[in-house]
Every structure is written in structure tokens, then in C-alpha cells.
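> Give the three-dimensional model of this entry:
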Amino acid sequence: MSLLEVKQVNFSFNSRKFFKGKNQANKVLNDISFAIEEGTCLGLIGSSGAGKSTLGKVILGIQRPQQGQVLFRGHDIYNADKATRQKIRRDLQVVFQDSYSAVNPRMTAERIISEPLENYEKLTLDEQRRRVSELLERVGLDEKDSKKYPYQFSGGQLQRINIARAIALKPKLIVLDESVSSLDMVTQSLILQLLKELKDDFGLSYLFITHDIKAAFSISDHIGVLEKGELIELYNSKDQFFSSKNPIVKRLRDSILAEHPRFRTITKHGIIENSEKLI
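Residues are numbered from 1 along each chain as shown. As a prediction, the model looks like this:
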């Protein structure tokens, strides 16, 4: 049994036509199906508006699909009983793109990380502080950081706080929704390395939602391509992705630029091409 199974999920937003007074369905996800096995990472690549974040919200139980199922360890997350839903919420965590809006600016790092512990664990105050200290250390921060507020952290440091909160309950699956896209390249590399280490150390599974192909390949075991609400392809290796003849995948590949200008050339048609292997 897969850890997560998404089966034929369809999701639409309704928009009202002002003159006729009728609702019109705008389809965002169309017949999406895939699975994530325990201890693996599925990278979900797509351009802006492809439906990636909506799919993440459907999986997290935030937006109910009109059709299809989301099964977590065999349980339908939208039709499970209360006790099962509570267990799913504990085992299914998320790290969002904007590290600042994901936290309460009036709370210290200690309180931010303690939130899930307070909701699900019966710990003494000393036990809770000890756990927070361990989590801070695990994500590369210091115990003294526990008393700081969000404005006192850089974006990368605050994202580490969000990651510490996400792993506090030792979940089975973390949805990473563009979780490194707002960071500079050096910080992004450090956060990706941290995520890989945590995955190995805790046996975590990830759904890594991103538009960044390089970031996806640095952490993912499998790659899915989402385009206009449809899952175009699923790949089990980098070679499969780069040898695909699908025009949508080819366009995504062509959008990757070499990091240094000396590895870029401009054709006679004004198209920028790369002169090095990118990934």
C-alpha cells in the first residue's frame, strides 16, 4: 500500500457570469492520479497556473475535490472518521513558499515550533523546551534563537523554523509548496541539503512542488510534470525526463538557463541556448 494515493482527482473553481447570473466552472485539476511511496520524494514541476498549489491544498485536505479520492495510508482523507482525520493531520505536514506569512509575527521561534507539540503531545514545559532545542539544532540553528521573533531572522533562517515545526511530530509526509523558490541560490542550496538529510535521517516522504527543475532533480526520486491541470508525464529518472519527446517537457527543458553567461549562446534567431549539461 502506497503512503499517498491520488486517484482521478478533479477540481474546479466556480466563477459567476454577471450578466446571465450563471456559475461557470473553471477546471483547475483534471483526472489527476499518482502515488508516493514511503521514504521517497515526488517532485511536481509546472509553470505558474499549472494547478500545482491547488493540488497541494487538495492533498492537505484544504480544498475538497469535486471528484476523485486522496488516500493517505489507505484512508480517504475527506471521508475518514474524526480519529483518523486527526491522525492524518499529525502525519501530514506542510512547508509553504512564504516563510514570513506562514508564522505568527508575534510569536517567538520557540512558540512557533511548539504549536504542533502542544496540539498533539502531552509534554511538560521542560520536555517541550528540550524538544524545541533539539529541533532547532537539527535544522542548523541555536538554542538562543528560540527567543527571537520572525523579523529577527533572515528568510532562510525562518524557513528552517518552518521546517523544524513541520518535523516536530515526526510526520510521514511533508508537502513542500515552492518552499525554496523565494530564497537566494546559496540559501536554497543549503535548505535543499537540509531537506535531503532530514529525509534520510527520519525516513520522510516529500511532495516537492516547484517550477525549478534543478531544485526538483536535486531532491526528488521521481518527477511529475503538471500542465494546465493535467499530469502530463511521470518519470523515474533524470534520463527519462531529458529524453522525453513530449513538447511540453521539451519546453520546460529549454527554459533552463546555465548559471553563468559564458555557458549561454544566442542563435541567429535570437534564442538563448546552453553550451553545457545543466543537471
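
> what's next to stretch 147-166, contact-wise?
93-96, 99-100, 102-110, 112-113, 115-116, 132, 135-136, 138-141, 145, 174, 179-180, 182-184, 187, 190-191, 194-195, 198 (Cβ atoms under 8 Å, 6 or more residues apart in numbering). (Each C-beta comes from the backbone N, C-alpha and C, glycine too.)

> What of stretch 224-237?
Here stretch 224-237 has contacts from 11, 27-34, 42-47, 49-52, 55, 221-223, 241, 244, 246, 248-249, 252, using Cβ under 8 Å, 6+ apart.

> Quick one, which of the residues you listed are buried?
Using 16 or more other Cβ atoms under 10 Å as the burial test, those include 11, 28-30, 32, 34, 42-46, 50-52, 55, 221-223, 241, 244, 248-249, 252 as buried.

> Among those residues, which are located in helices?
52, 55, 241, 248-249, 252 (DSSP state H).

> okay if I get those residues as TSV plus distance to Pro150 and pLDDT?
Below are those laid out as TSV (distance: Cβ to Cβ, whole Å; pLDDT from 0 to 100):
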residue	distance to Pro150	pLDDT
Lys52	26	93
Leu55	28	96
Phe241	37	89
Ile248	38	89
Val249	38	89
Leu252	34	84
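
> Please, which helix or strand holds the residue nearest to the spatial centre of the chain?
By Cα atoms, centre = their mean, the chain has its centre lying nearest to Leu176, at 1.8 Å. Assigned by DSSP states H and E, Leu176 belongs to strand 173-177.

> what do you get for Ile113?
Counting by DSSP H and E, Ile113 is part of helix 109-120.

> hey, C-alpha coordinates of that helix in CSV?
These are the backbone C-alpha positions of helix 109-120, laid out as CSV (Å, rounded to 0.1, in the frame of the first residue of the first chain):
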residue,chain,number,x,y,z
ALA,A,109,10.6,30.7,17.4
GLU,A,110,10.0,28.5,20.4
ARG,A,111,6.3,29.1,20.4
ILE,A,112,6.1,28.6,16.6
ILE,A,113,7.8,25.2,16.8
SER,A,114,5.8,24.3,19.9
GLU,A,115,2.4,24.7,18.3
PRO,A,116,2.1,21.1,16.9
LEU,A,117,3.7,19.7,20.1
GLU,A,118,1.0,21.5,22.2
ASN,A,119,-1.8,20.2,20.0
TYR,A,120,-0.7,16.5,19.8
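
> I am finished for the moment; much appreciated.
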